[in-house]
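Trainee: model this:
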Amino acid sequence: MRNLLDAAIASQAQRITAGERPEDAEVTTLRAADLRPFTPERPSSKDVGLYL
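Mentor: Presented below is the predicted three-dimensional model:
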């Protein structure tokens, strides 16, 4: 969930810095376009069980 939020915030930052000075509300608002499809990375089988 954290990676999804971080990606949305990064997308929002690119959107609001690409144009003119944004409204104050725009800086605190995530739009649907800021949420990109996210596919979590699956660990490779060689990484499974190596916790230490």
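
Trainee: Residue 31 versus the residue most central in space within the chain, what's the distance?
Mentor: For the chain, residue 7 is the residue whose C-alpha lies nearest the centre (C-alpha atoms, centre = their mean; 0.9 Å). For residue 7, the distance to residue 31 equals 13 Å [C-beta to C-beta, to the nearest Å]. Quick note: C-beta positions are derived from backbone N, CA and C, even for glycine.

Trainee: Okay, and the residue nearest to the centre of the chain sits in which element?
Mentor: According to DSSP states H and E, residue 7 maps onto helix 2-17.

Trainee: What ranges in the protein fall below the confidence cut-off?
Mentor: 38, 40, 43-52 (pLDDT under 70).

Trainee: rewinding a little: tell me the helix or strand right after the helix holding residue 7.
Mentor: Using DSSP H and E, the first helix or strand after helix 2-17 is helix 24-27.

Trainee: so what secondary structure elements neighbour that next one?
Mentor: Contacting helix 24-27 under the criterion 3 or more C-beta pairs under 8 Å, 6 or more residues apart in numbering; DSSP states H and E is no other helix or strand.

Trainee: Please consider this matter closed, and thank you.
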